[in-house]
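Asker: what's the 3D shape of this:
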Amino acid sequence: MTDRAESVESMEQLATVWRAMALDRDAGADVSDLPGIAVRWADCRFAFWNCITLTDVGTDAELLGRRLGQAADIMRSKKHPGFLWLFEDLLDDGARSALEAAAERAGLQYAFPGTGMAGDLLPVPEPVHPDLTFVRVTSDEHLRSYADLNSRAYGFPLEEGRDGLAGSTLWKSDVHAYLGMRGDVPVACAGTVAAEGRLFVVLVATDPEWQRRGYGEAVTRKALHEGARATGLTRATLHATVAGAPVYPRIGFKPNSPIHFYSLKG
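Answerer: Here you go, the predicted model:
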């Protein structure tokens with residue numbers, strides 16, 4: 001794959017997986033596909049399930065300004081806040097230079113960075129970590145623990161993570177979601193889900209009290225191992241935060257497009 005092809009793949013994987021996640025949360029979720037804009041907005045308290053991404057390829061500065069304004073207007077129309085995910089490598093050089101000013105004009109503020117990653121790395125061996133056992137998410141109690149780990153890792157109130165995941169059937173069936181357990185205490189989590197011939201890694205988190213011990217990498221390997229075993233897929237994709245970016249290349253992922261996350265100002 002060329003660099004841009006991998007960046008398009010990364011954007012399309014987001015649109016595919018987040019459509020399922022938004023509809024799982026609310027059958028009436030806004031999953032509109034508009035010219036140049038994919039809306040994946042569950043309009044719940046878990047901000048990650050409220051998502052917009054730009055889908056044009058080779059966007060110039062003029063089109064970027066127009067798309068950012070449209071995206072911001074959609075975000076303002078919603079009840080709950082969320083994020084615009086912008087894949088930098090889908091912009092041309094002029095649009096990249098204009099991005100900061102264009103986002104400012106649209107009423108968007110930069111929230112945090114991310115990186116698209118992918119690799120033909122499956123299958124991976126079943127992981128072993130001396131501190132951990134692994135439990136698949138199959139119950140509402142497991143799902144609540146998974147939600148709480150994400151809330152703690154990303155600094156959300158616990159109620160917000162639970163609003164995104166509580167009661168989900170998708171996460172207890174189609175997602176290969178695992179908790180890394182230190183004794184009886186869940187300390188890390190990761191999930192994988194099949195999407196358009198790839199295995200997509202979703203919502204990896206480690207309790208801040210237990211970071212830098214290899215727990216996140218171990219549970220991600222477990223989710224990849226089990227997801228690949230169940231599906232036979234050989235290619236995996238993900239979107240990494242700053243915390244995860246150094247971990248995933250050790251598993252075999254290669255970075256592609258930088259991702260800029262934006263929220264509405266104020």
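
Asker: can you give me the strands for the stretch 1-150 of the chain?
Answerer: 33-34, 37-41, 50-54, 83-87, 108-119, 133-136 (DSSP state E, counting those that start in this stretch).

Asker: so where do the helices sit in the chain?
Answerer: 3-25, 61-76, 93-106, 140-154, 158-165, 215-231, 248-251 (DSSP state H).

Asker: Now render those as CSV, adding distance to D131.
Answerer: Backbone N, C-alpha and C define where each C-beta goes, glycine included. Shown next, in CSV, are the helices of the chain (distance: least, CB to CB, whole Å):
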stretch, distance to D131
helix 3-25, 30
helix 61-76, 41
helix 93-106, 42
helix 140-154, 15
helix 158-165, 24
helix 215-231, 7
helix 248-251, 18
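
Asker: winner for burial among these?
Answerer: Of all the helices of the chain, helix 215-231 carries the top mean neighbour count, a mean of 23, counting by mean count of other CB atoms under 10 Å.

Asker: Would you mind checking the average pLDDT for that one?
Answerer: Averaged over helix 215-231, pLDDT sits at 98.

Asker: what inclination does that helix have with respect to helix 140-154?
Answerer: 130 degrees (axes from the mean of the first three to the mean of the last three CA atoms, to 10 degrees).

Asker: quick revisit: ok, which of the helices of the chain comes nearest P35?
Answerer: Closest to P35 of the helices of the chain, according to CB to CB: helix 61-76, at 8.9 Å.

Asker: show me where the stretch 151-266 of the chain has strands.
Answerer: Under DSSP E, counting those that start in this stretch, the stretch 151-266 of the chain gives strands at 176-182, 185-195, 198-206, 236-240, 254-264.
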